[in-house]
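# Return atomic coordinates for the entry below.
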Amino acid sequence: MGSFERNLTWWVFGCIAAGIALGQAFPAFFKAVGNFKLAEVNLPVAALIWLMIVPMLLKVDFGALHELKRHSRGIGVTLFINWAVKPFSMALLGWLFVRHVFARWLPADQLDSYVAGLILLAAAPCTAMVFVWSNLSEGDANFTLTQVALNDAIMLFAFAPLVALLLGLSAIVVPWETLATSVVLYILVPVVIAQLWRRSLLRRGSPSSLAEVLTRLHPVSLSALLLTLVLLFGFQGRQILDQPLVIAMLAVPILIQVFFNSSLAYCLNRWLGVSHSVACPSALIGASNFFELAVATAISLFGFESGAALATVVGVLIEVPVMLLVVRFVTRSKHWYERRPASN
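The predicted structure follows:
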């Protein structure tokens, strides 16, 4: 795990400060960036998101799907958590905390938008950082790769309908055309580009050629993430200055759903007799989110200044420290986990 990933939370805090300061100092610039759209898609953000997502998707080998049968129980648990529990539990937590517990302290005109952002954050399983978490917990690398590939394949078809369903259940108007455009732009096209590029690199060279390209692209991807955060907080600055506790209140349902879903996945795997090396990444994949996709979709659907965009960025803010806590828990509890016989 590189120094940037270890200190991601502090980098995000730095982007918050820089974005707020720049947004107050140069409002005309940020307004011009916000208006640079084509068919309701913000072009600067689209470019930045591609620079973030494509290098991550280069790591995914859809050929690993042949391992599905070998890890069927662990994969079944993770799929259940990712697609049947996490999005719905987040919608429930968003409704409970945003619309009820914290409603009096949040701007009334942004309540629906905050809930929408939380739903977007939970509707897509993590793609890239999961490899880091799995490695730190000594997880089965083949299982992790297979699960990520399967989740990405499912995301192509399930993300838009799932988001639309949950937004509808939350009484939020679904802009179907924009949602469909976001899926094409931020899932389908990057997946196709990444897989064609990956095959070309492997055909012309070797796995080392792919690793070399990934190493070169890593700082590009991280820089794109930081620039996106600066833009977001440039637009969100006034709201945050007026209500600095908004971020803390939005973090509460995110924290609860991370600990709930990781614990549920971990215990289900133990109950099914899955090996610890599979249960660890299963719990971590079940708890983490594809926040890059969530941020991009929130901006496309609701705009830079929306509560939805802010809610997704809170997910970025707490991603590393919270997931490191989950890693610590699953590794330290190995003795408890293996008290009963486990099998692959």
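# what number of residues lie near Ile154?
Neighbour count for Ile154, taken as other Cβ atoms under 10 Å: 16. The C-beta positions use only the backbone N, C-alpha and C, and glycine is treated the same way.
# same deal with Phe329?
Neighbour number of Phe329 under other Cβ under 10 Å is 16.
# pLDDT value on it, please?
The per-residue pLDDT reported for Phe329 equals 93.
# Quick check: phi and psi at it.
Dihedral pair for Phe329: phi -60, psi -50, per degrees, to the nearest 10.
# can you pull the contacts of it?
Shown in contact with Phe329 (Cβ atoms under 8 Å, 6 or more residues apart in numbering): Ser262.
# at 6 Å instead, please
The contact partners of Phe329, by Cβ atoms under 6 Å, 6 or more residues apart in numbering, come to none.
# Please apply the same query to Leu241.
Per Cβ under 6 Å, 6+ apart, neighbours of Leu241: none.
# can you pull out the strands in the chain?
In the chain, the strands defined using DSSP state E lie at 37-38, 41-42.
# Report the rounded mean pLDDT for the first one.
Per-residue pLDDT values across strand 37-38 average out to 70.
# let's have the chain start at 896 instead
Will do, 896 is the new start, and the previous item becomes strand 932-933.
# State the distance from Ala913 to Lys954.
Between Ala913 and Lys954 the computed distance is 29 Å (Cβ to Cβ, to the nearest Å).
# Comparing those two, which residue is more hemmed in?
Lys954 (18 against 15).
# And the more buried one, its phi and psi?
With angles defined as degrees, to the nearest 10, Lys954 sits at phi -80, psi -20.
# And the residue nearest the centre of this structure?
The residue lying closest to the centre of the chain (Cα atoms, centre = their mean) is Phe1185, at 1.9 Å.
# and it, how far is that from Tyr1081?
Using Cβ to Cβ, Phe1185 is found at 10 Å from Tyr1081.
# How about Ser1183?
Taking Cβ to Cβ, one finds Ser1183 at 18 Å from Tyr1081.
# One more: Ile1014?
In this view, Ile1014 and Tyr1081 are 16 Å apart by Cβ to Cβ.
# ditto for Ile1151
From Ile1151 over to Tyr1081 (counting by Cβ to Cβ), the distance is 27 Å.
# Compare these two (neighbour count), which wins?
The neighbour comparison of Ile1151 against Tyr1081 (other Cβ under 10 Å) goes to Tyr1081, with 27 against 15.
# Please list all residues in contact with that one.
Ile944, Leu1188, Ala1191.
# Let's see the pLDDT reported for the first one.
In this prediction, Ile944 carries a pLDDT score of 78.
# Next: Ala959.
66.
# Val1027 and Asn1037: what is the separation?
16 Å.
# Tell me which of those two has more neighbours.
Neighbour count, other Cβ under 10 Å: between Val1027 and Asn1037, Val1027 has more, with 20 against 14.
# Distance of that one relative to Leu1219?
Distance of Val1027 to Leu1219, given as Cβ to Cβ: 10 Å.
# what does Asp1007 give?
For Asp1007, the distance to Leu1219 equals 32 Å [Cβ to Cβ].
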